[in-house]
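A.B. asks: here are the coordinates; sequence isn't available:
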């Protein structure tokens, strides 16, 4: 089932629980082992898999125990600065070289360096 705006919160939590259950089983872990790895109680893992509400921090710990924390980036990706903010902070681009081309460098006669 796809999780989207048409689903109730309860249906979304239930789907997340099913997915978490499949991920745990694909890692060949039982609930107690996952709880130990994630640093949460076994009842927290049970509640998650049953589709019941838990603290967000515990959900993130369980994802970490399964090596899935990087998937949170897809949940709320960093949008970066707005286009207006980018324009305000944009530095002026250089239009030309700042050295003067009309004044040649002063040349010093070449010597061996042992003259005094």
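C.D. replies: All right, it came through fine. Model, not experiment: these values are computed from the prediction.
A.B. asks: Now for residue 18: which residues touch it?
C.D. replies: 49, 51 (C-beta atoms under 8 Å, 6 or more residues apart in numbering). In short, each C-beta sits where N, CA and C put it, glycine included.
A.B. asks: Find the helix or strand that it is a member of.
C.D. replies: Residue 18 is part of helix 9-26, with elements assigned from DSSP states H and E.
A.B. asks: For that helix, what does the pLDDT average out to?
C.D. replies: Average pLDDT, helix 9-26: 92.
A.B. asks: That one: what's the following helix or strand?
C.D. replies: helix 31-38.
A.B. asks: just the angle between the helix holding residue 18 and helix 31-38, please?
C.D. replies: For helix 9-26 against helix 31-38, the angle by axes from the mean of the first three to the mean of the last three C-alpha atoms, to 10 degrees is 90 degrees.
A.B. asks: which residues touch the residue nearest to the spatial centre of the chain?
C.D. replies: For the chain, the residue nearest the mean C-alpha position is residue 73 (4.6 Å; C-alpha atoms, centre = their mean). The contact partners of residue 73, taken as C-beta under 8 Å, 6+ apart, number zero.
A.B. asks: That one: what secondary structure?
C.D. replies: helix (DSSP: H, G, I helix; E, B strand; the rest coil).
A.B. asks: Pull out the buried residues from stretch 5-22.
C.D. replies: 13-14, 17, 20-21 (16 or more other C-beta atoms under 10 Å).
A.B. asks: Please apply the same query to stretch 20-29.
C.D. replies: Quick answer for stretch 20-29 (16+ other C-beta under 10 Å): 20-21, 23-24, 29.
A.B. asks: what does stretch 58-66 give?
C.D. replies: Buried residues in stretch 58-66, counted by 16+ other C-beta under 10 Å: 58-59, 61-63, 65-66.
A.B. asks: ok, now stretch 30-47?
C.D. replies: Result for stretch 30-47 [16+ other C-beta under 10 Å]: buried residues 31, 34-35, 37-38, 40, 44-45, 47.
A.B. asks: will you turn those residues into CSV that also has pLDDT and distance to residue 9?
C.D. replies: Below are the buried residues of stretch 30-47 laid out as CSV (pLDDT from 0 to 100; distance: C-beta to C-beta, whole Å):
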residue, pLDDT, distance to residue 9
31, 96, 23
34, 96, 24
35, 96, 24
37, 96, 28
38, 96, 23
40, 96, 21
44, 96, 19
45, 96, 20
47, 96, 15
